[in-house]
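> take a look and give me a structure for this.
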Amino acid sequence: MLLPVIDVGLITFGLTSLIVGSKIVGDFTLPWFRVAWGAVILIGAVVALLGLVFLRKRTELWGRFAVGIGLLIYVAAIVMYIASGSSNSTLTLVLVLIRLVALSWRINDLFTEIGREEADQEAHTGGIPRAQ
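From the prediction side, this is the model:
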């Protein structure tokens, strides 16, 4: 129930990052990278939400992975921002790290569910892998 709400929040975050930009990311990267970073967050969140809604675990996994990469880039930019003397970004860092932990938890759950489904499928087909 909470995952779609979080995904909508990430879509809003990605859309805002794409339209308005992020000062933190923009200060340490080229202008095109800030746009690409916002697009990765936005597209990843949309793909994750679609995978969740249509029960496509692999699609959701790819979307969450893209969002995770985007958030890791954001964490690196925040750390560089803090290291350059702007300690007012510490709360942002903590909040993004909390989101990364929750994201990692869901990715781990998806890996477990996909593995279990593949093992069940293999058990039912007598070890013959299904065509992809």
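> low-confidence stretches in the chain?
Within the chain, the stretches falling below the threshold (pLDDT under 70) are 126-132.
> how much space separates the spatially most central residue of the chain from G51?
The centroid of the chain falls nearest to V67 when counting by Cα atoms, centre = their mean (2.0 Å). If you measure V67 against G51 using Cβ to Cβ, to the nearest Å, the figure is 12 Å. C-beta coordinates here come from the backbone N, C-alpha and C atoms, glycine included.
> so what's the residue nearest to the centre of the chain closest to, chain neighbours aside?
G44 (3.9 Å; Cβ to Cβ, 6 or more residues apart in numbering).
> residue contacts, that neighbour?
10, 14, 62-70 (Cβ atoms under 8 Å, 6 or more residues apart in numbering).
> for the residues you listed, which single residue is the most surrounded?
Scoring these on neighbours with other Cβ atoms under 10 Å, the highest-scoring entry is V67 at 29 neighbours.
> any idea whether that one is helix, strand or coil?
Of the three states, V67 takes helix under DSSP: H, G, I helix; E, B strand; the rest coil.
> and the one 10 residues further on, by the same measure?
Recorded secondary structure, A77: helix (three-state DSSP).
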